[in-house]
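J.: This is the structure alone, sequence omitted:
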């Protein structure tokens, strides 16, 4: 069974738009699709996801586990473990790994919780 060609009917609401308007409309649609996914991800993470993030940031499994536990104990897991470590790194002007190790030593927590 062949599908009826309704291209002209489907594009009628776009026909008078300029390239810039089409580009803006495209990004508006992308945002409408992505925004609910981003919102869902903000509030729904898990220790295993956060450990995985830290592993990809260069921490060992034991370091990642300890960091996630410390982050969760402070109620910051929803912020994201990577973001916590990144914030600590920016605050201390050190690289990511050094910031994570300092967090493990009990340092820089004031910088990430304020």
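T.: Now that the structure is in, tell me what you want to look at. Since we're looking at a predicted model, the values are computed, not measured.

J.: Output the longest helix belonging to the protein.
T.: If you go by DSSP state H, the chain has its longest helix at helix 19-43.

J.: Need the pLDDT of the residue in the chain sticking out farthest from the centre.
T.: Within the chain, residue 1 marks the point farthest from the mean C-alpha position, 44.3 Å out by CA atoms, centre = their mean. Here, the pLDDT recorded for residue 1 equals 76.

J.: how close does it get to residue 14?
T.: 27 Å (CB to CB, to the nearest Å). C-betas here are computed from N, CA, C, even on glycine.

J.: what number of residues lie near residue 80?
T.: Residue 80 has 18 neighbours, counted by other CB atoms under 10 Å.

J.: For this protein, name the helix or strand with the lowest mean pLDDT.
T.: helix 7-10 (a mean of 85; mean pLDDT, DSSP states H and E).

J.: mind listing what's buried in that one?
T.: By 16 or more other CB atoms under 10 Å, helix 7-10 has no buried positions at all.

J.: which residues are contacting it?
T.: Residues outside helix 7-10 that contact it (CB atoms under 8 Å, 6 or more residues apart in numbering): none.

J.: And for stretch 98-105?
T.: Residues contacting stretch 98-105 (CB under 8 Å, 6+ apart): 54, 57, 59, 63, 66-67, 70, 84-86, 88-89, 92, 94, 108-109, 112.

J.: Among the residues you listed, which lie within helices?
T.: Cross-referencing the contacts of stretch 98-105 against helices under DSSP H gives 54, 63, 66-67, 70, 84-86, 88-89, 92, 109, 112.

J.: Can I get those residues in a markdown table including neighbour count and distance to residue 36?
T.: Output for the ones in helices among the contacts of stretch 98-105, formatted as a markdown table (neighbours: other CB atoms under 10 Å; distance: CB to CB, whole Å):
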| residue | neighbour count | distance to residue 36 |
| --- | --- | --- |
| 54 | 24 | 26 |
| 63 | 19 | 34 |
| 66 | 17 | 33 |
| 67 | 23 | 29 |
| 70 | 16 | 31 |
| 84 | 27 | 25 |
| 85 | 26 | 27 |
| 86 | 16 | 25 |
| 88 | 22 | 30 |
| 89 | 22 | 30 |
| 92 | 15 | 35 |
| 109 | 16 | 33 |
| 112 | 21 | 28 |
